[in-house]
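>>> what follows is a protein structure lacking sequence information:
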């Protein structure tokens, strides 16, 4: 089962993204902050973490850096309507960027990559 954590401070976007990600074989949890995400991830690891860049308190980029240090690290999807920094080759292996707004086809392609061949 693919476990997905959504980190988005906008309640409407958080709910919408959670609904879009839910499907057979996927479990989705959603939280409003990076700090809440770290608590949720510590309680039970996730395969994929979708995070907004601009969050109250810790940023989504800082959250991603902390999650990259876990073993094994999750897939990270960093979502932003603005430009995001370039990543090192190592960090880029398990990190994807999702520009806002995004097409459903783009989201489906990411999920297919994370779920692997069936």
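Received, thanks. Treat the numbers as computed from the prediction; the structure is a model and nothing was measured.

>>> what residue lies at the spatial centre of the chain?
residue 50 (1.3 Å; C-alpha atoms, centre = their mean).

>>> can you classify that one by secondary structure?
Assigned with DSSP: H, G, I helix; E, B strand; the rest coil, residue 50 falls in the strand class.

>>> beta-bridge partners for the closest residue to it other than its chain neighbours, please?
Excluding the flanking residues, the one nearest residue 50 by C-beta to C-beta, 6 or more residues apart in numbering is residue 77, at 4.5 Å. C-betas here are computed from N, CA, C, even on glycine. Here residue 77 sits in beta bridges with residue 50, residue 96, going by DSSP bridges.

>>> from here on, call the first residue 541.
I'll keep to 541 as the first residue from here, and by that count the last item is residue 617.

>>> for residue 638, see how far away residue 617 is.
In this structure, residue 617 lies at 5 Å from residue 638, with C-beta to C-beta, to the nearest Å as the measure.

>>> how about residue 598?
According to C-beta to C-beta, residue 598 stands 19 Å off from residue 638.

>>> what sits up against the helix or strand that residue 607 is a member of?
Assigned by DSSP states H and E, residue 607 belongs to helix 600-608. Among residues not part of helix 600-608, those counted as contacts by C-beta atoms under 8 Å, 6 or more residues apart in numbering are 547, 574, 577-578, 581, 589, 591-595, 613-614, 616, 618-620, 624-625, 631, 634-635.
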